[in-house]
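*Asks:* Sequence and predicted structure, then a few things I'm wondering about:
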Amino acid sequence: MVQDAIFPIKSTGSKWLFCEEARTPATQSQRNKLFLCGTGDVTCQQWNQYFPNINFVACQLFALLAAFWFRIYLSPSHASSAVRHAFATLFGIYFAVFCFGWYSIHLFVLVMMNYGIMNMASIPNIHRYSFVVAMGYLTLCHISRIYIFHYGILTTDFSGGLCCPLMIITQKITTLACQLHDGIGRQAEELTAEQNRLAVKSRPSLLEYLSYLLNFMSIIAGPCSNYKDYIAFIEGRHVHMKLLEVNWKQKGYDRLPDPSPTGAVMYKLCITLVSLILFLTLTKNFPMAYIIDNEFLDKTPFLSRLGYLYVVTQAAKPKYYFAWTLADAVNNAAGYGFSGVDEKGTFHWDLLSNLNIWNIETATSFKMYIENWNIQTAAWLKRVCYDRAPWYPTALTFILSALWHGIYPGYYFTFLTGILITLAARAIRNNCRHYFLSSVPLKIAYDVVTWAVTQLAVCYTVAPFVMLAVEPTIKFYKSVYFHMHILSILVLLLLPVRPQTHSVRRAQNQAMLNSIKNKDK
């Protein structure tokens, strides 16, 4: 999670991070100049500093309208797959150029480089080459944005300019490459159940490839989706395919009306509106910078600091609730995102959902919190790294996550701390949880305590992610006495750790795949 910081600096050095002079608003004459500026001017860079999310919101609202039109007038029954691919691609390119001007060329360069790799590289190495090129290009863009073009603005994600679409496209490129490798270069018995389901058996055409990577529904804020799901959506097989996965005819679901996303879209737009209101009223009033303010540290006791840390972390969330839920609504409005039907016959449109707000706010474990925050990125990390890493999958996955987010030191503090806390939480759960399951009161007490610890652990972990630079991060850690680091290390030293090895995970996945095959027979 990230909070906007609007600071005209030229380095990641933290001495500028909370400079009060940098917060001085523009004069009215400056605002007038900003309003009249043209794309690519220096004044437009200033505009983006003051109003970083304007283009994002405008494009997503246009995309929402286009998505409704796309579903109604270019449905599979009215238009061919080629027409749907072409429309989705052209509108996506238009949105990219509208938002980012000539900087959008980086998107197209990365896409075409990897198309060449996909067609020329050998199948055994296609996922490796695609991964290195995509992640390498993304990292170079992260570096150039900070040091070469010296934006030097400590800001990321939705307000971070072109890097957000590049991050999404990097996910899609590496996802497709891995699934191509699974579908063509590996035997079915070598795959997990999920890998077998998502494996791509042939290389996509240029139009299919461009549509998957650049479609207007996900070009601005994602989320990343699987290639087979996207192609099934374009070809009109998406809903039927998901219904088949739950044996809908045997359960009598064939008597239900055709699934419509309208209700899901309206519900998500309501969440978007509430999140926007909370963002405008809360986020700016509870800055993360205050937790390392000298006066605050001198006058506030330790427990009160932790309480304020929880408050400012909560205040930072609505921005992400807003952006991710709006992106989900855009995809649903186009008819994409159907995930199936439950036992009550209720249709669900959460295939592309990036968060589960209820599960986030009630999480009783670090793992549960992570699994419900930025869900599609977590799924990408699992598919391209965790499930394929021959050793230390947890550590490698956190490191990849940090590298994908960017080069700010705060990211690496966050994810390295996350490794430590994840391992400690796993050790506590494996060694202690069963003692609290014997009675309802004990279980409730356990859930309450683990909820509080989880929320504080998350706040402690993500604070450097918001601060970005080294000095404020160290100052924050000192102000709370490095308590989570110390407690996690003590847990790992005192409790036996039973890590799940890669071979054990693979054996469990193979057993799951075999059970699915037996059911099919």
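*Replies:* Thanks, I have it.
*Asks:* list the contacts for Ala342?
*Replies:* Not Ala; residue 342 is Asp. Applying CB atoms under 8 Å, 6 or more residues apart in numbering, we find Asp342 in contact with His348. C-beta: built from backbone N, CA, C; applies to glycine.
*Asks:* what's the longest helix along the chain packed up against?
*Replies:* As assigned by DSSP state H, the longest helix anywhere in the chain is helix 440-467. Secondary-structure packing of helix 440-467 (3 or more CB pairs under 8 Å, 6 or more residues apart in numbering; DSSP states H and E): helix 302-316, helix 366-372, helix 409-432, helix 470-479, helix 483-494.
*Asks:* Dump the ones you listed into JSON lines; add mean neighbour count, mean pLDDT and distance to Glu189 as well.
*Replies:* Output for these, formatted as JSON lines (neighbours: other CB atoms under 10 Å; pLDDT from 0 to 100; distance: least, CB to CB, whole Å):
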{"stretch": "helix 302-316", "mean neighbour count": "17", "mean pLDDT": "92", "distance to Glu189": "45"}
{"stretch": "helix 366-372", "mean neighbour count": "19", "mean pLDDT": "91", "distance to Glu189": "28"}
{"stretch": "helix 409-432", "mean neighbour count": "20", "mean pLDDT": "91", "distance to Glu189": "29"}
{"stretch": "helix 470-479", "mean neighbour count": "18", "mean pLDDT": "92", "distance to Glu189": "46"}
{"stretch": "helix 483-494", "mean neighbour count": "15", "mean pLDDT": "93", "distance to Glu189": "36"}
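*Asks:* In TSV: those, plus distance to Cys99.
*Replies:* Below are those laid out as TSV (distance: least, CB to CB, whole Å):
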stretch	distance to Cys99
helix 302-316	23
helix 366-372	29
helix 409-432	24
helix 470-479	30
helix 483-494	38
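*Asks:* and of these, who's closest to Ile169?
*Replies:* Nearest of the helices and strands packed on helix 440-467 to Ile169, taken as CB to CB: helix 409-432 at 19.3 Å.
*Asks:* Touching the closest one from outside, list them.
*Replies:* For helix 409-432, the external contacting residues (CB under 8 Å, 6+ apart) are 12, 365-367, 370, 394-395, 398-399, 401-402, 405, 454, 457, 460-470, 473, 484-485, 487-489, 491-492, 495-499.
*Asks:* picking that back up, identify whichever of the helices and strands packed on helix 440-467 lies nearest to Gly236.
*Replies:* helix 366-372 (30.7 Å).
*Asks:* right, and the helix or strand after the closest one?
*Replies:* Heading C-terminal from helix 366-372, the first helix or strand you meet, by DSSP states H and E, is helix 375-381.
*Asks:* Let me know the angle separating the next helix or strand after that following helix from helix 440-467.
*Replies:* Going down the chain from helix 375-381, the next helix or strand is helix 393-405, by DSSP H and E. Counting by axes from the mean of the first three to the mean of the last three CA atoms, to 10 degrees, helix 393-405 points 40 degrees away from the direction of helix 440-467.
*Asks:* CA atoms only for helix 393-405, dumped as CSV, please.
*Replies:* Output of helix 393-405 as CSV, limited to C-alpha atoms (Å, rounded to 0.1, in the frame of the first residue of the first chain):
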residue,chain,number,x,y,z
PRO,A,393,10.1,-20.1,-2.4
THR,A,394,8.9,-17.7,0.3
ALA,A,395,12.1,-15.5,0.3
LEU,A,396,12.4,-15.5,-3.5
THR,A,397,8.7,-14.5,-3.9
PHE,A,398,9.0,-11.5,-1.5
ILE,A,399,12.2,-10.4,-3.3
LEU,A,400,10.5,-10.6,-6.7
SER,A,401,7.6,-8.6,-5.3
ALA,A,402,10.0,-5.9,-4.1
LEU,A,403,11.8,-5.8,-7.4
TRP,A,404,8.6,-5.6,-9.4
HIS,A,405,7.3,-2.7,-7.3
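*Asks:* and the angle for that helix with helix 409-432?
*Replies:* Angle of helix 393-405 versus helix 409-432, following the same axes, to 10 degrees, is 160 degrees.
*Asks:* in helix 393-405, what counts as buried?
*Replies:* Within helix 393-405, the residues that qualify as buried are 393-405, counting by 16 or more other CB atoms under 10 Å.
*Asks:* for that helix, packing partners?
*Replies:* On a contact count with 3+ CB pairs under 8 Å, 6+ apart, helix 393-405 meets helix 123-143, helix 163-185, helix 375-381, helix 409-432.
*Asks:* returning to that earlier point: and of the helices and strands packed on helix 440-467, who's closest to Gly263?
*Replies:* Between these, helix 366-372 lies closest to Gly263; by CB to CB that is 22.0 Å.
*Asks:* who's in contact with the closest one?
*Replies:* Residues contacting helix 366-372 (CB under 8 Å, 6+ apart): 355-356, 359-360, 363, 378, 418, 421-422, 425-426, 454, 457-458.
*Asks:* Specify which member of the residues you listed is nearest to Ala199.
*Replies:* Out of the contacts of helix 366-372, the member with the shortest distance to Ala199 (by CB to CB) is Ala378, at 20.5 Å.
*Asks:* Distance-wise, check that closest one relative to Ser479.
*Replies:* From Ala378 across to Ser479, the span is 30 Å (CB to CB, to the nearest Å).
*Asks:* Then Lys299?
*Replies:* Lys299 is 12 Å from Ser479, by CB to CB.
*Asks:* sorry, back to before: so which of the helices and strands packed on helix 393-405 gets nearest Arg203?
*Replies:* helix 163-185 (6.6 Å).
*Asks:* Can you list the helices and strands that whichever helix or strand comes after the closest one packs against?
*Replies:* The helix or strand immediately downstream of helix 163-185 is helix 193-198, counting by DSSP H and E. Secondary-structure packing of helix 193-198 (3+ CB pairs under 8 Å, 6+ apart): helix 163-185, helix 227-234, helix 502-520.
*Asks:* could the contacts of helix 366-372 be laid out in a markdown table, adding distance to Phe279?
*Replies:* Shown next, in a markdown table, are the contacts of helix 366-372 (distance: CB to CB, whole Å):
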| residue | distance to Phe279 |
| --- | --- |
| Leu355 | 15 |
| Asn356 | 19 |
| Asn359 | 21 |
| Ile360 | 16 |
| Ala363 | 21 |
| Ala378 | 23 |
| Gly418 | 25 |
| Ile421 | 27 |
| Thr422 | 29 |
| Ala425 | 30 |
| Arg426 | 33 |
| Thr454 | 24 |
| Ala457 | 24 |
| Val458 | 19 |
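*Asks:* Widest-spaced pair of the residues you listed?
*Replies:* Leu355 and Arg426 (22.5 Å).
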